[in-house]
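Asks: Prediction below, plus the sequence it came from.
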Amino acid sequence: MKRILVNGAGGFIGGHMVKRLKSEGHWVRAADIKRHEFSSLPADEFVQGDLSDQRLMASVVEGIDEIYQFAADMGGAGYIFTGEHDADVMHNSATINLNALHFGQKAGVKKIFYSSSACIYPEYNQLDPLNPKCSEKSAYPAAPDSEYGWEKLFSERLYLSYMRNYGMAVRVARFHNIFGPEGTWTGGKEKAPAAICRKIAEVEGGDEIEIWGDGEQTRSFLFIDECIEGVRRLMESEFTGPVNIGSEEMVSINQLAAMVMEIAGKRLSIRHISGPQGVRGRNSDNHLIAEKLNWKPTRSLRAGLEKTYRWIEEQVAVSRSANLVGNV
Ligand code: NAD
(Lines give C-alpha, C1' and ligand atoms only; values in the text may rest on other atoms or scores of the structure.)
Protein backbone atom coordinates (compact mmCIF):
# COMPACT_ATOMS: atom_id res chain seq x y z
CA MET A 1 0.00 0.00 0.00
CA LYS A 2 1.36 3.42 -0.97
CA ARG A 3 0.52 6.90 0.26
CA ILE A 4 -0.67 8.72 -2.86
CA LEU A 5 -1.60 12.33 -3.57
CA VAL A 6 -4.06 13.03 -6.39
CA ASN A 7 -4.01 16.68 -7.45
CA GLY A 8 -7.10 17.77 -9.38
CA ALA A 9 -9.18 15.11 -7.61
CA GLY A 10 -12.26 17.34 -7.72
CA GLY A 11 -12.16 17.06 -11.50
CA PHE A 12 -13.04 14.41 -14.06
CA ILE A 13 -9.92 12.26 -14.46
CA GLY A 14 -8.59 12.90 -10.94
CA GLY A 15 -11.91 11.79 -9.41
CA HIS A 16 -11.85 8.52 -11.34
CA MET A 17 -8.21 7.96 -10.37
CA VAL A 18 -9.01 8.36 -6.66
CA LYS A 19 -11.63 5.61 -6.98
CA ARG A 20 -9.23 3.31 -8.82
CA LEU A 21 -6.40 3.82 -6.31
CA LYS A 22 -8.73 3.20 -3.37
CA SER A 23 -10.03 0.02 -5.01
CA GLU A 24 -6.39 -1.14 -5.17
CA GLY A 25 -6.02 -0.54 -1.42
CA HIS A 26 -3.82 2.58 -1.39
CA TRP A 27 -4.05 5.43 1.10
CA VAL A 28 -5.15 8.49 -0.90
CA ARG A 29 -5.02 12.21 -0.21
CA ALA A 30 -7.13 14.14 -2.71
CA ALA A 31 -6.55 17.84 -3.39
CA ASP A 32 -8.46 20.36 -5.45
CA ILE A 33 -9.68 23.93 -5.30
CA LYS A 34 -13.24 22.61 -5.45
CA ARG A 35 -15.16 19.56 -4.27
CA HIS A 36 -16.11 16.95 -6.87
CA GLU A 37 -19.45 17.98 -8.37
CA PHE A 38 -20.81 14.54 -9.24
CA SER A 39 -19.33 12.04 -6.83
CA SER A 40 -18.45 11.64 -3.17
CA LEU A 41 -14.89 10.44 -3.37
CA PRO A 42 -13.60 7.56 -1.22
CA ALA A 43 -10.34 9.44 -0.49
CA ASP A 44 -8.82 9.13 3.00
CA GLU A 45 -8.34 12.91 3.08
CA PHE A 46 -9.70 15.69 0.91
CA VAL A 47 -7.79 18.97 1.03
CA GLN A 48 -9.67 21.84 -0.55
CA GLY A 49 -7.43 24.71 -1.60
CA ASP A 50 -5.41 26.43 -4.29
CA LEU A 51 -2.43 24.33 -5.38
CA SER A 52 -0.79 27.38 -6.94
CA ASP A 53 -0.32 28.51 -3.34
CA GLN A 54 3.16 27.33 -2.28
CA ARG A 55 2.19 26.77 1.35
CA LEU A 56 -0.71 24.55 0.41
CA MET A 57 1.37 22.47 -2.01
CA ALA A 58 4.16 22.15 0.59
CA SER A 59 1.65 20.74 3.06
CA VAL A 60 -0.17 18.29 0.76
CA VAL A 61 3.03 16.58 -0.46
CA GLU A 62 4.15 15.75 3.11
CA GLY A 63 4.43 12.02 3.77
CA ILE A 64 3.53 11.12 0.16
CA ASP A 65 5.17 8.33 -1.92
CA GLU A 66 3.62 9.15 -5.30
CA ILE A 67 1.77 12.06 -6.90
CA TYR A 68 -0.76 12.03 -9.73
CA GLN A 69 -0.77 15.59 -11.06
CA PHE A 70 -4.05 16.31 -12.87
CA ALA A 71 -4.77 19.81 -11.55
CA ALA A 72 -4.86 22.33 -14.39
CA ASP A 73 -6.84 25.26 -15.70
CA MET A 74 -8.62 23.26 -18.32
CA GLY A 75 -11.63 23.15 -20.63
CA GLY A 76 -12.90 22.31 -24.09
CA ALA A 77 -12.49 24.37 -27.27
CA GLY A 78 -14.87 27.05 -25.95
CA TYR A 79 -12.44 27.64 -23.09
CA ILE A 80 -8.92 27.06 -24.37
CA PHE A 81 -9.13 28.06 -28.05
CA THR A 82 -10.84 31.45 -27.76
CA GLY A 83 -7.73 33.19 -26.41
CA GLU A 84 -9.73 34.81 -23.61
CA HIS A 85 -8.26 32.63 -20.86
CA ASP A 86 -4.66 32.29 -22.10
CA ALA A 87 -2.97 34.16 -19.27
CA ASP A 88 -4.88 32.28 -16.56
CA VAL A 89 -4.41 28.92 -18.24
CA MET A 90 -0.65 29.39 -18.56
CA HIS A 91 -0.09 31.01 -15.19
CA ASN A 92 -2.27 28.74 -13.08
CA SER A 93 -1.21 25.46 -14.63
CA ALA A 94 2.51 26.27 -14.82
CA THR A 95 2.51 27.45 -11.19
CA ILE A 96 0.83 24.24 -10.01
CA ASN A 97 3.40 22.15 -11.89
CA LEU A 98 6.35 24.21 -10.61
CA ASN A 99 5.02 23.82 -7.06
CA ALA A 100 4.32 20.09 -7.36
CA LEU A 101 7.88 19.37 -8.49
CA HIS A 102 9.68 21.79 -6.19
CA PHE A 103 7.88 20.81 -3.02
CA GLY A 104 7.45 17.17 -4.02
CA GLN A 105 11.18 16.80 -4.51
CA LYS A 106 11.97 18.54 -1.21
CA ALA A 107 9.53 16.28 0.63
CA GLY A 108 11.13 13.14 -0.82
CA VAL A 109 8.28 12.09 -3.13
CA LYS A 110 9.63 9.19 -5.18
CA LYS A 111 7.43 9.18 -8.24
CA ILE A 112 5.19 11.65 -10.04
CA PHE A 113 2.75 11.32 -12.94
CA TYR A 114 2.08 14.27 -15.22
CA SER A 115 -0.98 14.59 -17.47
CA SER A 116 0.15 16.30 -20.65
CA SER A 117 -1.99 16.59 -23.75
CA ALA A 118 -2.22 15.91 -27.49
CA CYS A 119 -2.52 19.72 -27.72
CA ILE A 120 1.30 19.86 -27.64
CA TYR A 121 1.51 18.47 -31.19
CA PRO A 122 2.40 20.91 -33.97
CA GLU A 123 -0.44 22.42 -35.93
CA TYR A 124 1.46 21.88 -39.22
CA ASN A 125 1.05 18.08 -38.83
CA GLN A 126 -2.70 18.34 -38.20
CA LEU A 127 -3.98 20.26 -41.20
CA ASP A 128 -5.31 17.26 -43.13
CA PRO A 129 -8.36 15.89 -41.27
CA LEU A 130 -7.89 12.43 -42.76
CA ASN A 131 -4.17 12.13 -42.14
CA PRO A 132 -3.01 13.82 -38.94
CA LYS A 133 0.41 12.92 -37.54
CA CYS A 134 0.71 12.57 -33.77
CA SER A 135 3.55 10.17 -33.09
CA GLU A 136 5.43 11.13 -29.92
CA LYS A 137 8.58 12.04 -31.83
CA SER A 138 6.65 14.49 -34.05
CA ALA A 139 6.34 16.99 -31.17
CA TYR A 140 9.35 19.01 -32.37
CA PRO A 141 9.95 21.49 -33.99
CA ALA A 142 7.24 22.66 -31.61
CA ALA A 143 4.21 24.58 -32.88
CA PRO A 144 1.15 23.90 -30.70
CA ASP A 145 -1.95 25.85 -31.78
CA SER A 146 -2.87 27.04 -28.27
CA GLU A 147 -1.22 28.51 -25.19
CA TYR A 148 -2.69 25.54 -23.29
CA GLY A 149 -0.51 23.31 -25.51
CA TRP A 150 2.58 25.46 -24.97
CA GLU A 151 2.16 25.28 -21.20
CA LYS A 152 1.82 21.50 -21.40
CA LEU A 153 5.00 21.28 -23.47
CA PHE A 154 6.91 23.52 -21.06
CA SER A 155 5.70 21.42 -18.13
CA GLU A 156 6.64 18.13 -19.82
CA ARG A 157 10.18 19.48 -20.07
CA LEU A 158 10.07 20.67 -16.47
CA TYR A 159 9.10 17.18 -15.24
CA LEU A 160 11.81 15.53 -17.33
CA SER A 161 14.41 17.97 -16.03
CA TYR A 162 13.51 17.07 -12.42
CA MET A 163 14.05 13.45 -13.36
CA ARG A 164 17.49 14.20 -14.83
CA ASN A 165 18.71 16.61 -12.17
CA TYR A 166 17.04 15.31 -8.99
CA GLY A 167 16.50 11.63 -9.81
CA MET A 168 12.71 11.78 -9.31
CA ALA A 169 10.88 9.00 -11.15
CA VAL A 170 8.66 10.79 -13.63
CA ARG A 171 5.95 9.43 -15.93
CA VAL A 172 4.38 11.62 -18.63
CA ALA A 173 1.31 10.82 -20.75
CA ARG A 174 -0.24 12.86 -23.54
CA PHE A 175 -4.01 12.39 -23.25
CA HIS A 176 -6.18 12.55 -26.37
CA ASN A 177 -9.77 13.71 -25.61
CA ILE A 178 -10.80 11.68 -22.59
CA PHE A 179 -14.55 11.40 -22.03
CA GLY A 180 -17.04 9.60 -19.82
CA PRO A 181 -19.47 9.97 -16.93
CA GLU A 182 -18.73 12.42 -14.10
CA GLY A 183 -17.01 14.96 -16.35
CA THR A 184 -17.97 18.57 -17.02
CA TRP A 185 -21.03 18.53 -19.30
CA THR A 186 -22.24 22.14 -19.16
CA GLY A 187 -21.12 25.65 -18.18
CA GLY A 188 -18.56 26.44 -20.92
CA LYS A 189 -15.66 24.14 -19.98
CA GLU A 190 -17.21 20.94 -21.42
CA LYS A 191 -15.51 19.15 -24.31
CA ALA A 192 -17.04 17.95 -27.60
CA PRO A 193 -18.45 14.51 -26.58
CA ALA A 194 -20.14 15.91 -23.46
CA ALA A 195 -21.37 19.02 -25.28
CA ILE A 196 -22.89 16.96 -28.10
CA CYS A 197 -24.51 14.51 -25.66
CA ARG A 198 -25.98 17.44 -23.73
CA LYS A 199 -27.30 19.21 -26.83
CA ILE A 200 -28.97 16.03 -28.06
CA ALA A 201 -30.37 15.14 -24.63
CA GLU A 202 -31.78 18.66 -24.26
CA VAL A 203 -33.70 18.67 -27.56
CA GLU A 204 -37.38 18.29 -26.76
CA GLY A 205 -39.58 19.63 -29.53
CA GLY A 206 -36.92 21.01 -31.87
CA ASP A 207 -35.28 19.13 -34.66
CA GLU A 208 -31.71 20.43 -34.80
CA ILE A 209 -28.51 20.92 -32.84
CA GLU A 210 -25.65 23.35 -33.43
CA ILE A 211 -22.05 22.34 -34.06
CA TRP A 212 -19.00 24.61 -34.31
CA GLY A 213 -17.42 24.58 -37.78
CA ASP A 214 -18.36 22.32 -40.69
CA GLY A 215 -18.13 19.22 -38.47
CA GLU A 216 -15.56 17.63 -40.79
CA GLN A 217 -12.74 18.23 -38.29
CA THR A 218 -11.56 14.86 -36.95
CA ARG A 219 -10.63 13.58 -33.49
CA SER A 220 -10.39 10.38 -31.51
CA PHE A 221 -11.95 10.01 -28.08
CA LEU A 222 -10.88 7.72 -25.26
CA PHE A 223 -13.22 6.38 -22.60
CA ILE A 224 -12.19 7.24 -19.06
CA ASP A 225 -11.72 3.63 -17.84
CA GLU A 226 -9.13 3.03 -20.54
CA CYS A 227 -7.33 6.26 -19.66
CA ILE A 228 -7.11 5.24 -15.99
CA GLU A 229 -5.88 1.76 -16.96
CA GLY A 230 -3.20 3.27 -19.22
CA VAL A 231 -1.98 5.66 -16.54
CA ARG A 232 -1.76 2.91 -13.93
CA ARG A 233 0.17 0.68 -16.33
CA LEU A 234 2.53 3.53 -17.20
CA MET A 235 3.14 4.28 -13.51
CA GLU A 236 3.99 0.63 -12.82
CA SER A 237 6.25 0.36 -15.87
CA GLU A 238 9.86 1.42 -16.31
CA PHE A 239 8.94 3.68 -19.24
CA THR A 240 9.09 7.42 -18.60
CA GLY A 241 7.26 8.72 -21.66
CA PRO A 242 6.01 11.05 -22.95
CA VAL A 243 3.53 8.59 -24.43
CA ASN A 244 0.15 9.00 -26.08
CA ILE A 245 -2.84 7.69 -24.15
CA GLY A 246 -5.67 7.87 -26.64
CA SER A 247 -7.85 5.98 -29.04
CA GLU A 248 -6.99 5.36 -32.69
CA GLU A 249 -10.67 5.28 -33.72
CA MET A 250 -10.79 8.62 -35.54
CA VAL A 251 -14.17 10.16 -36.42
CA SER A 252 -15.38 13.52 -37.68
CA ILE A 253 -17.44 15.63 -35.31
CA ASN A 254 -20.43 15.05 -37.64
CA GLN A 255 -19.93 11.29 -37.26
CA LEU A 256 -19.64 11.68 -33.49
CA ALA A 257 -22.95 13.56 -33.44
CA ALA A 258 -24.61 10.92 -35.65
CA MET A 259 -23.45 8.17 -33.28
CA VAL A 260 -24.89 9.98 -30.27
CA MET A 261 -28.20 10.58 -32.10
CA GLU A 262 -28.43 6.86 -32.80
CA ILE A 263 -27.80 6.06 -29.12
CA ALA A 264 -30.40 8.64 -28.09
CA GLY A 265 -32.90 7.40 -30.67
CA LYS A 266 -33.31 10.96 -32.02
CA ARG A 267 -33.00 11.97 -35.68
CA LEU A 268 -31.92 15.61 -35.70
CA SER A 269 -30.35 17.86 -38.29
CA ILE A 270 -27.09 19.68 -37.63
CA ARG A 271 -26.73 23.43 -38.03
CA HIS A 272 -23.09 24.40 -38.51
CA ILE A 273 -22.17 27.69 -36.91
CA SER A 274 -18.88 29.49 -36.46
CA GLY A 275 -16.97 28.74 -33.26
CA PRO A 276 -13.56 27.70 -31.91
CA GLN A 277 -12.45 24.35 -33.33
CA GLY A 278 -8.75 23.72 -32.73
CA VAL A 279 -6.70 21.76 -35.26
CA ARG A 280 -8.33 20.30 -38.38
CA GLY A 281 -7.49 16.68 -37.65
CA ARG A 282 -6.08 14.69 -34.72
CA ASN A 283 -5.73 11.03 -33.90
CA SER A 284 -3.72 9.09 -31.35
CA ASP A 285 -0.73 7.09 -32.62
CA ASN A 286 -0.45 4.05 -30.38
CA HIS A 287 2.70 2.39 -31.69
CA LEU A 288 4.85 3.52 -28.77
CA ILE A 289 2.44 2.58 -25.98
CA ALA A 290 1.92 -0.85 -27.55
CA GLU A 291 5.68 -1.36 -27.76
CA LYS A 292 6.58 -0.08 -24.28
CA LEU A 293 3.61 -1.26 -22.21
CA ASN A 294 2.50 -4.19 -24.32
CA TRP A 295 -1.00 -2.71 -24.08
CA LYS A 296 -3.20 -0.21 -25.88
CA PRO A 297 -6.82 0.88 -25.55
CA THR A 298 -9.32 -1.32 -27.38
CA ARG A 299 -12.81 -0.27 -26.29
CA SER A 300 -15.01 1.12 -29.08
CA LEU A 301 -16.10 4.74 -29.10
CA ARG A 302 -19.70 3.59 -29.33
CA ALA A 303 -19.49 1.58 -26.08
CA GLY A 304 -18.09 4.57 -24.18
CA LEU A 305 -20.63 6.95 -25.68
CA GLU A 306 -23.53 4.73 -24.60
CA LYS A 307 -22.49 5.08 -20.96
CA THR A 308 -21.69 8.76 -21.27
CA TYR A 309 -24.95 9.65 -23.02
CA ARG A 310 -27.06 7.86 -20.39
CA TRP A 311 -25.23 9.69 -17.62
CA ILE A 312 -25.62 13.12 -19.27
CA GLU A 313 -29.27 12.42 -20.09
CA GLU A 314 -29.79 11.82 -16.38
CA GLN A 315 -27.97 15.08 -15.46
CA VAL A 316 -30.16 17.01 -17.92
CA ALA A 317 -33.31 15.48 -16.39
CA VAL A 318 -32.15 16.24 -12.82
CA SER A 319 -31.29 19.85 -13.65
CA ARG A 320 -34.64 20.28 -15.45
CA SER A 321 -36.63 19.07 -12.47
CA ALA A 322 -34.52 21.22 -10.11
CA ASN A 323 -35.37 24.27 -12.27
CA LEU A 324 -39.06 23.33 -12.23
CA VAL A 325 -39.03 23.08 -8.43
CA GLY A 326 -37.14 26.41 -8.26
CA ASN A 327 -39.78 28.08 -10.40
CA VAL A 328 -42.78 26.86 -8.39
P1 NAD B 1 -10.88 18.88 -14.96
O2 NAD B 1 -11.03 20.33 -15.28
O3 NAD B 1 -12.12 18.08 -14.77
O4 NAD B 1 -9.94 18.69 -13.70
C5 NAD B 1 -8.91 19.57 -13.37
C6 NAD B 1 -9.08 19.93 -11.92
O7 NAD B 1 -7.99 20.81 -11.54
C8 NAD B 1 -10.37 20.68 -11.62
O9 NAD B 1 -11.16 19.96 -10.68
C10 NAD B 1 -9.91 22.00 -11.06
O11 NAD B 1 -10.74 22.51 -10.00
C12 NAD B 1 -8.52 21.67 -10.56
N13 NAD B 1 -7.72 22.88 -10.41
C14 NAD B 1 -7.52 23.85 -11.33
N15 NAD B 1 -6.78 24.84 -10.82
C16 NAD B 1 -6.51 24.48 -9.52
C17 NAD B 1 -5.80 25.08 -8.47
N18 NAD B 1 -5.19 26.28 -8.63
N19 NAD B 1 -5.72 24.45 -7.29
C20 NAD B 1 -6.32 23.25 -7.11
N21 NAD B 1 -7.03 22.61 -8.05
C22 NAD B 1 -7.11 23.23 -9.27
O23 NAD B 1 -10.00 18.27 -16.15
P24 NAD B 1 -9.71 16.74 -16.52
O25 NAD B 1 -10.41 16.48 -17.80
O26 NAD B 1 -9.96 15.87 -15.35
O27 NAD B 1 -8.15 16.81 -16.84
C28 NAD B 1 -7.17 16.38 -15.89
C29 NAD B 1 -5.79 16.65 -16.47
O30 NAD B 1 -5.63 15.96 -17.72
C31 NAD B 1 -5.53 18.13 -16.77
O32 NAD B 1 -4.19 18.42 -16.49
C33 NAD B 1 -5.77 18.22 -18.27
O34 NAD B 1 -5.05 19.29 -18.85
C35 NAD B 1 -5.25 16.87 -18.73
N36 NAD B 1 -5.85 16.49 -20.01
C37 NAD B 1 -7.18 16.15 -20.07
C38 NAD B 1 -7.73 15.81 -21.30
C39 NAD B 1 -9.19 15.44 -21.41
O40 NAD B 1 -9.62 15.10 -22.52
N41 NAD B 1 -9.98 15.47 -20.35
C42 NAD B 1 -6.96 15.79 -22.45
C43 NAD B 1 -5.61 16.15 -22.36
C44 NAD B 1 -5.06 16.46 -21.13
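Replies: Received it, and whenever you're ready, just let me know what you need. The structure presented is a predicted model; accordingly, all values stated were derived computationally and were not measured. Numbering: from 1, shown residues only.
Asks: Every contact and neighbour count from this point should use C-alpha atoms.
Replies: Noted.
Asks: which sections of the stretch 1-150 of the chain are below the confidence cut-off?
Replies: Along the stretch 1-150 of the chain, the model assigns pLDDT under 70 to no residue.
Asks: So which bits of it are right by the ligand?
Replies: Within the stretch 1-150 of the chain, the positions lying close to the ligand (CA under 6 Å from any ligand atom) are 8, 10-14, 32-34, 49-52, 70-74, 92, 115-117.
Asks: What about these, which are in helices?
Replies: Judged by DSSP state H, those include 12-14, 92 as members of helices.
Asks: so which of those residues comes closest to residue 318?
Replies: residue 12 (19.2 Å; CA to CA).
Asks: Residue 182 is in contact with the closest one, correct?
Replies: Yes. Distance between residue 12 and residue 182: 6.0 Å, which falls inside the contact criterion (CA atoms under 8 Å).
Asks: Check the burial of the residue lying closest to residue 139 once chain neighbours are set aside by counting its neighbours.
Replies: Nearest residue to residue 139, sequence neighbours excluded (CA to CA, 6 or more residues apart in numbering): residue 121, at 5.1 Å. Using other CA atoms under 10 Å, residue 121 is surrounded by 28 other residues.
Asks: Residue 55 too?
Replies: 12.
Asks: ok, it to the ligand distance?
Replies: Using CA to the nearest ligand atom, to the nearest Å, one obtains 12 Å as the distance from residue 55 to the ligand.
Asks: hang on, that residue in a helix?
Replies: Yes. Assessed by DSSP: H, G, I helix; E, B strand; the rest coil, residue 55 belongs to a helix.
Asks: show me what contacts it?
Replies: With contact set as CA atoms under 8 Å, 6 or more residues apart in numbering, residue 55 has no partners.
Asks: now the one 10 residues further on
Replies: The neighbours of residue 65, taking CA under 8 Å, 6+ apart as the test, are 2-4, 108-111.
Asks: repeat for residue 180
Replies: Contacts of residue 180 by CA under 8 Å, 6+ apart are 194, 223-224, 304-305, 307-308.
Asks: How about residues contacting stretch 70-86?
Replies: 6-9, 11, 13-14, 32, 51, 88-90, 92-93, 96, 114-115, 146-148, 188-192, 275-278.
Asks: Please repeat the previous calculation with a cut-off of 6 Å.
Replies: Residues outside stretch 70-86 that contact it (CA atoms under 6 Å, 6 or more residues apart in numbering) are 7-8, 14, 89, 93, 115, 147, 189-191, 276.
Asks: which residues in the stretch 201-328 of the chain form helices?
Replies: For the stretch 201-328 of the chain, helices defined by DSSP state H, counting those that start in this stretch occupy the ranges 224-236, 253-264, 287-293, 301-327.
Asks: Is the closest residue to residue 39 other than its chain neighbours in a helix, a strand, or coil?
Replies: Leaving aside its sequence neighbours, residue 39 sits nearest to residue 182 (CA to CA, 6+ apart; 7.3 Å). Applying three-state DSSP to residue 182 yields a three-state assignment of coil.
Asks: quick one: residue 182 from residue 43, how far?
Replies: The gap separating residue 182 from residue 43 is 16 Å, by CA to CA, to the nearest Å.
Asks: and what of residue 100?
Replies: 19 Å.
Asks: Have a look at these two and say which one is more surrounded.
Replies: residue 100 (26 against 22).
Asks: and the gap between the more buried one and residue 318?
Replies: Applying CA to CA to residue 100 and residue 318 gives a distance of 37 Å.
Asks: Can you get me a residue count around the spatially closest residue to residue 221 that is not a sequence neighbour?
Replies: Of all residues not flanking residue 221 in the chain, residue 177 sits nearest, at 5.0 Å (CA to CA, 6+ apart). Residues contacting residue 177 under the criterion other CA under 10 Å number 25.
Asks: Those residues of the stretch 151-300 of the chain touching the ligand, which are they?
Replies: 175-178.
Asks: now with 5 Å?
Replies: 175, 177-178 (CA under 5 Å from any ligand atom).
Asks: List just the nearest of those residues to residue 208.
Replies: Of these, the one sitting nearest to residue 208 (CA to CA) turns out to be residue 177, at 24.7 Å.
Asks: just checking, that closest one touches residue 223?
Replies: No. With contact defined as CA atoms under 6 Å, residue 177 does not reach residue 223; the gap is 8.6 Å.
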